[in-house]
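>>> this one's structure only:
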Ligand code: NAD
């Protein structure tokens with residue numbers, strides 16, 4: 001268990017923190033080619049943290065050139081997997097060794113509670129790197145069944161230059177789900193963090209170098225989506241583009257790939273997950289606690305947030321009361337206080353988006369029964385009380401659209417058939433939960449849910465050992481597990497006449 005220190009420790013650490021804000025290209029920190037920067041402000045109190053390099057096309061070109069040269073040199077790409085494993089294990093250990101600093105950067109930058117940064121984000125990132133490193137020298141290629149006078153080899157080959165564009169809600173973890181398998185396979189990598197949370201990515205670059213990753217193999221390109229991100233997505237010498245973010249941007253990136261070199265594109269996109277509670281759930285108190293956590297954790301800024309709570313009619317009143325009580329325990333507070341469980345909203349645009357949906361829900365006829373107001377546990381900060389809407393119809397905007405904030409929609413259903421219809425009536429298909437004591441129903445329902453992850457009698461389980469990704473407009477391909485390597489390699493069939 002991480003040492004969480006106390007508020008005083010983190011406040012003092014925040015004051016003495018020195019923040020690197022430049023891009024990292026070819027093994028060195030550099031300003032953007034034209035010297036442009038953008039302001040990085042903390043949502044905790046809106047104070048200026050850094051002026052960060054605002055990269056654009058020239059910087060993307062430099063990063064891709066360095067990445068390509070490093071790949072061609074073989075300094076990383078042609079190392080035995082066991083050697084890459086050793087370096088990546090050191091990288092993971094360095095992430096752990098610098099956990100306090102990284103956690104503080106994450107919390108200051110995007111506003112999440114320090115306890116979550118420390119125990120979820122940093123630990124999760126270190127584990128993603130170490131688990132993937134451990135796997136890479138245990139994966140075998142294939143020999144095809146052939147006639148005796150031929151040998152058919154089926155081998156995986158690194159792609160070359162991989163670019164990743166990631167969001168701000170779990171900046172380090174989302175990045176690590178990409179760079180760990182990409183690097184393990186031998187690719188060179190360029191990371192474009194969100195302009196809303198670039199700081200940990202920038203710091204990670206120095207740790208990658210310290211671990212022994214050669215210059216040019218791990219590059220970080222901070223900047224906006226329409227500049228740095230677009231330049232990477234349209235680049236003719238990027239072989240693979242991996243993305244986590246909204247469905248709208250994911251679709252645009254697929255167009256960019258088609259307009260350029262048909263680079264491989266792998267998308268982890270949005271979600272509007274249904275959490276379905278039947279009257280025969282084994283423990284309604286636990287179900288209510290987890291339903292509250294499913295929308296309040298990380299201020300609901302979670303792609304798998306259980307934002308649609310489907311409740312069987314016969315228990316709806318009593319169960320919703322339990323959920324309201326459970327949600328009262330999730331209270332916005334100073335993110336630097338280890339006792340805080342709801343942090344700040346990443347920036348004012350996102351806060352206004354959340355408040356806008358709270359207004360819209362009421363205008364469309366749903367009943368706001370708790371929360372939904374802006375609050376200020378820290379002066380000048382961007383915070384909102386978790387909100388619960390009842391009597392929601394699945395076609396209202398608060399149920400159909402991804403809010404990406406702590407706003408729960410409770411929808412009632414009559415029977416299993418109706419529950420399934422409502423749960424699947426979404427453009428998204430990222431995750432879903434189902435609560436029932438009926439084993440047959442649990443299997444039947446889980447199989448029919450259109451979702452990449454399904455949780456039975458729990459919400460948000462998972463590990464590096466299992467794949468993660470979406471059906472429908474939640475994306476394609478999978479992060480985590482051995483399946484993740486598919487994104488970072490081409491399959492080659494080699495036929496040898498004997
Ligand atoms: P976003 O789509 O606005 O931005 C994501 C990234 O794309 C950022 O780095 C941004 O700068 C970049 N970008 C924006 N426009 C671009 C363009 N035209 N060209 C290239 N890059 C561009 O998403 P966000 O607000 O940062 O994150 C929230 C979204 O991420 C939600 O939809 C959430 O569901 C999704 N998400 C999905 C998963 C998953 O695994 N499926 C995980 C976390 C978050």
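Received, thanks. All values derive from a computational prediction rather than experimental measurement.
>>> so what's the residue of the stretch 51-200 of the chain found nearest the ligand up against?
Closest approach between the stretch 51-200 of the chain and the ligand, counting by C-beta to the nearest ligand atom: residue 167, at 3.1 Å. No exception for glycine: its C-beta is placed from N, CA and C like everyone else's. In this structure, residue 167 makes contact with 174, 194, 244-246, judged by C-beta atoms under 8 Å, 6 or more residues apart in numbering.
>>> what pLDDT does the residue nearest to the spatial centre of the chain get?
Geometric centre of the chain, nearest residue: residue 174, 3.8 Å, by C-alpha atoms, centre = their mean. Residue 174 carries a pLDDT score of 98 in this model.
>>> One more: residue 1?
What the model reports as pLDDT for residue 1 is 54.
>>> burial measure for the nearest residue to residue 354 once chain neighbours are set aside, as a count.
Of all residues not flanking residue 354 in the chain, residue 405 sits nearest, at 3.4 Å (C-beta to C-beta, 6 or more residues apart in numbering). In terms of burial, residue 405 registers 25 neighbours under the definition other C-beta atoms under 10 Å.
>>> related to what we said a few turns ago, name the member of the contacts of residue 167 with the most neighbours.
For the contacts of residue 167, the largest neighbour count, defined by other C-beta under 10 Å, is 29 neighbours, found at residue 174.
>>> contacting residues around it?
When contacts are counted by C-beta under 8 Å, 6+ apart, residue 174 is found next to 166-167, 244, 268.
>>> one more time with 7 Å, if that's ok
Taking C-beta atoms under 7 Å, 6 or more residues apart in numbering as the contact definition, residue 174 lies against 166-167, 244.
>>> With residue 136 instead?
Under the criterion of C-beta under 7 Å, 6+ apart, the contact list for residue 136 reads 81, 84-85, 184.
>>> can you do 8 Å?
With contacts defined as C-beta under 8 Å, 6+ apart, the neighbours of residue 136 are 81, 84-85, 88, 184-185.
>>> Filter these down to the buried ones.
The neighbour-count test (16 or more other C-beta atoms under 10 Å) applied to those identifies 81, 84-85, 88, 184-185 as buried.
>>> Can you report how many residues neighbour residue 101?
Applying the criterion other C-beta under 10 Å, we find 15 residues in the vicinity of residue 101.
>>> Can you give me the neighbour number for the residue nearest to residue 238 when sequence neighbours are not counted?
With C-beta to C-beta, 6+ apart as the criterion, residue 238 has its nearest non-adjacent residue at 4.7 Å, and that residue is residue 163. Under the neighbour criterion other C-beta under 10 Å, residue 163 is assigned a count of 30.
>>> Is residue 163 located within a strand, as I assumed?
Yes: under DSSP: H, G, I helix; E, B strand; the rest coil, residue 163 sits within a strand.
>>> quick one: it from residue 477, how far?
Applying C-beta to C-beta, to the nearest Å, one obtains 15 Å for the distance of residue 163 from residue 477.
>>> Repeat that for residue 426.
Taking C-beta to C-beta as the criterion, residue 426 is separated from residue 477 by 20 Å.
>>> same deal with residue 315?
Per C-beta to C-beta, residue 315 is found 38 Å from residue 477.
>>> one step back: what are the phi and psi angles of the residue of the stretch 51-200 of the chain closest to the ligand?
With angles defined as degrees, to the nearest 10, residue 167 shows backbone torsions of phi -90, psi -170.
>>> Residue 286 now?
Dihedral pair for residue 286: phi -60, psi -40, per degrees, to the nearest 10.
>>> element containing the residue nearest to the centre of the chain?
In this assignment (DSSP states H and E), residue 174 forms part of helix 171-185.
>>> what is the orientation angle of the following helix or strand past that helix with helix 171-185?
Heading C-terminal from helix 171-185, the first helix or strand you meet, by DSSP H and E, is strand 188-192. Orientation note: strand 188-192 sits at an angle of 170 degrees relative to helix 171-185 (axes from the mean of the first three to the mean of the last three C-alpha atoms, to 10 degrees).
>>> starting at the chain centroid, how far to strand 188-192?
Strand 188-192 sits 16 Å away from the centroid of its parent chain (C-alpha atoms, centre = their mean, to the nearest Å).
>>> Strand 161-165 and that one, what's the angle between them?
Angle of strand 188-192 versus strand 161-165, following the same axes, to 10 degrees, is 20 degrees.
>>> For strand 188-192, which residues meet the burial criterion?
188-192.
>>> and which of those is nearest to residue 214?
Nearest to residue 214, judged by C-beta to C-beta, of the buried residues of strand 188-192 is residue 188 at 9.1 Å.
>>> can you tell me which residues contact that closest one?
Applying C-beta under 8 Å, 6+ apart, one finds that residue 188 lies in contact with 66-68, 70-71, 76-77, 160-162, 216-219.
>>> ok, residue 426 and residue 477, which is more surrounded?
In terms of neighbours (other C-beta under 10 Å), residue 426 is the more surrounded of residue 426 and residue 477; the figures are 25 against 18.
>>> So that one lies in a helix, does it not?
No: counting by three-state DSSP, residue 426 is not part of a helix but coil.
>>> helix/strand/coil for the residue nearest to it when sequence neighbours are not counted?
Distances taken as C-beta to C-beta, 6+ apart put residue 272 closest to residue 426, at 5.1 Å, once the chain neighbours are dropped. Three-state secondary structure (criterion: three-state DSSP) places residue 272 in coil.
>>> now the strands for the stretch 351-498 of the chain?
Taking DSSP state E, counting those that start in this stretch to define them, one finds strands in the stretch 351-498 of the chain at 367-370, 374-375, 383-384, 387-390, 407-413, 428-429, 431-435, 453-456, 471-472, 489-497.
>>> winner for burial among the ones you listed?
With neighbours taken as mean count of other C-beta atoms under 10 Å, these reach their highest mean count in strand 431-435, at a mean of 29.
>>> how about it, does it reach the ligand?
No: using C-beta under 6 Å from any ligand atom, strand 431-435 stays clear of the ligand, with a minimum separation of 8.9 Å.
>>> I'd like to know which elements that strand is packed against.
Contacts of strand 431-435 with other secondary structure elements, assessed using 3 or more C-beta pairs under 8 Å, 6 or more residues apart in numbering; DSSP states H and E, are made with strand 274-277, helix 284-296, helix 439-448, strand 453-456.
>>> I figured residue 348 hits residue 382, correct?
Yes: contact between residue 348 and residue 382 holds when scored by C-beta atoms under 8 Å: they sit 6.1 Å apart.
>>> out of those two, which sits in the busier spot?
Between residue 348 and residue 382, counted using other C-beta under 10 Å, the more crowded position is residue 382 (28 against 12).
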